[in-house]
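1. My questions are about this predicted structure, shown below with the sequence.
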Amino acid sequence: MKGTEFSELVAFMAILEERSFRRAALRLGLSPSALSHTLRSLEERLGARLLNRTTRSLAPTQAGQALFDRLSPAIADMEGAIRDVGAFQTQPRGRVRINLPRLAARLVVGPALGDFVRTYPDIQLDLVIDDNITDVVAKGFDAGIRLGELVQQDMIAVRLTPDWRMAVVGSPAYFAGRSLPQTPADIREHACINYRWNETGALYRWNFDGPDGPLDVGIEGVITVNEMDLLLEATLQGAGLAFLPESFVADAINQGRLVRALGNWCGPFAGFYLYYPNKPHMPAALRAFIDFIKLPVSPLCRH
């Protein structure tokens, strides 16, 4: 159906609903003469008279009443669909798809899920755990969460956590009979457990801040994994040293289950950010999630 044909039908419906050309024209933002011309065009196209009109009254013909009865449910459905779409822009409801790494799920989002669901019961969160550097736009996500250094420059980014630090850690059992490394170069004398990026297959390089500037060390580990929980478990069992986010191992360090080394060599780096493409008409559900997650008082900001 052409746009002009649909406009003619809408005009016809308005005239019958208002029972007045003047009120229908005002409702549609048209002049009465323009509305009258639109009705004549519809009648000519259909080859049927739709209205009987005098100076005092207006009533549908039999054909006009039949057309009105058939159109009313369809127009109501379309108007309802349009209202529903508009509600997604004004009321926090519907699905929000977020792509995030496992570490962010555990430390950043997980602690707040209960509060979020209770606050926004009409929002369905679809959280996809993904440790790769995924193109969230191409994969149909509303937003992603990544470390600041991994967020693309053309995205809008919202800080979720303070800056982070890495930690070189080993278990007390591992350090029994071994000295702690004093410089990054000493790491080569130790057994190490390293992380491998799933997407590229590259080994994670251990980055340090020294007196002469940044320093990164390539590690050939006795164990290589692509899952951080397993990496931590191997470290706790005394298999070697690991290079893990400070927040991830803070409890184990405080409990004496891990020993930290090279603390002065581990400088801060950008923490987690939520990011999304810059485009108009953000759904209210996504806006609610962003506002909730970035609040300083939210559990999401606690490590």
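-> Looks like it arrived, so ask away.
2. Export stretch 178-191 to CSV, keeping only CA atoms.
-> Only the C-alpha atoms of stretch 178-191 are listed here, as CSV (Å, rounded to 0.1, in the frame of the first residue of the first chain):
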residue,chain,number,x,y,z
ARG,A,178,62.1,-20.3,46.8
SER,A,179,62.8,-16.5,47.1
LEU,A,180,60.3,-14.0,45.9
PRO,A,181,61.3,-12.3,42.6
GLN,A,182,62.7,-8.8,43.1
THR,A,183,62.5,-7.6,39.6
PRO,A,184,60.5,-8.7,36.5
ALA,A,185,63.7,-10.3,35.1
ASP,A,186,63.6,-12.7,38.0
ILE,A,187,60.3,-14.2,36.8
ARG,A,188,62.2,-16.2,34.2
GLU,A,189,63.7,-18.2,37.1
HIS,A,190,60.2,-19.3,38.2
ALA,A,191,57.5,-21.7,37.0
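3. Number the residues from 388 up from this point.
-> New numbering, starting at 388: the last item is stretch 565-578.
4. For it, give the mean pLDDT please.
-> Stretch 565-578 shows a mean pLDDT of 92 in the predicted model.
5. For it, buried residues please.
-> Buried residues in stretch 565-578, counted by 16 or more other C-beta atoms under 10 Å: 568, 571, 574, 577. Where you see a C-beta, it was placed from the backbone N, CA and C, and this is true even at glycine.
6. Next secondary structure element downstream of the least confident helix or strand in the chain by mean pLDDT?
-> Least confident helix or strand of the chain, by mean pLDDT, DSSP states H and E, is helix 449-477 with a mean of 72. Sequence-wise, the next helix or strand downstream of helix 449-477 (DSSP states H and E) is strand 481-487.
7. What strands line up against that next one, and which way round?
-> Applying DSSP bridges to the sheet, strand 481-487 is found paired with strand 510-516 (parallel), strand 530-534 (parallel).
8. where's the longest one relative to the chain centroid, distance-wise?
-> In terms of C-alpha atoms, centre = their mean, to the nearest Å, the gap separating the centre of strand 510-516 from the centre of its chain is 8 Å.
9. In the record's domain split, what are the boundaries for this protein?
-> 390-477, 481-549+659-688, 551-656 (automatic domain parsing).
10. quick one: contacts for the closest residue to residue 635 other than its chain neighbours?
-> The shortest distance from residue 635 to any non-neighbouring residue, by C-beta to C-beta, 6 or more residues apart in numbering, is to residue 490 (6.4 Å). With contacts defined as C-beta atoms under 8 Å, 6 or more residues apart in numbering, residue 490 is in contact with 615, 632, 635.
11. Please report how far residue 490 lies from residue 618.
-> Separation of residue 490 from residue 618 (C-beta to C-beta, to the nearest Å) stands at 11 Å.
12. before we move on, what about residue 549?
-> Distance, residue 549 to residue 618, using C-beta to C-beta: 23 Å.
13. The two - which one has more neighbours?
-> More crowded of residue 549 and residue 618, by other C-beta atoms under 10 Å: residue 618, with 24 against 13.
14. does the more buried one really touch residue 631, like I thought?
-> Yes. Between residue 618 and residue 631 there is a contact at 7.0 Å, judged by C-beta atoms under 8 Å.
15. from the strands paired with strand 481-487, which stretch is densest packed?
-> Across those, averaging neighbours per residue (mean count of other C-beta atoms under 10 Å) puts strand 530-534 on top, at a mean of 23.
16. between the strands paired with strand 481-487, which gets nearest to residue 623?
-> Across those, residue 623 has its closest neighbour in strand 510-516 (22.0 Å, C-beta to C-beta).
17. What mean pLDDT does the closest one get?
-> 92.
18. Quick check: phi and psi on residue 527?
-> phi 80, psi 20 (degrees, to the nearest 10).
19. Quick check, pLDDT for the residue lying closest to it once chain neighbours are set aside.
-> Among residues not flanking residue 527 along the chain, residue 484 sits closest, at 6.7 Å (C-beta to C-beta, 6+ apart). Residue 484 carries a pLDDT value of 93.
20. what separates residue 484 from residue 498, distance-wise?
-> In this view, residue 484 and residue 498 are 20 Å apart by C-beta to C-beta.
21. what's the answer for residue 431, then?
-> Distance, residue 431 to residue 498, using C-beta to C-beta: 67 Å.
22. Could you dump the buried residues of stretch 565-578 into JSON lines and include secondary structure?
-> Output for the buried residues of stretch 565-578, formatted as JSON lines (DSSP: H, G, I helix; E, B strand; the rest coil):
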{"residue": "568", "secondary structure": "coil"}
{"residue": "571", "secondary structure": "helix"}
{"residue": "574", "secondary structure": "helix"}
{"residue": "577", "secondary structure": "coil"}
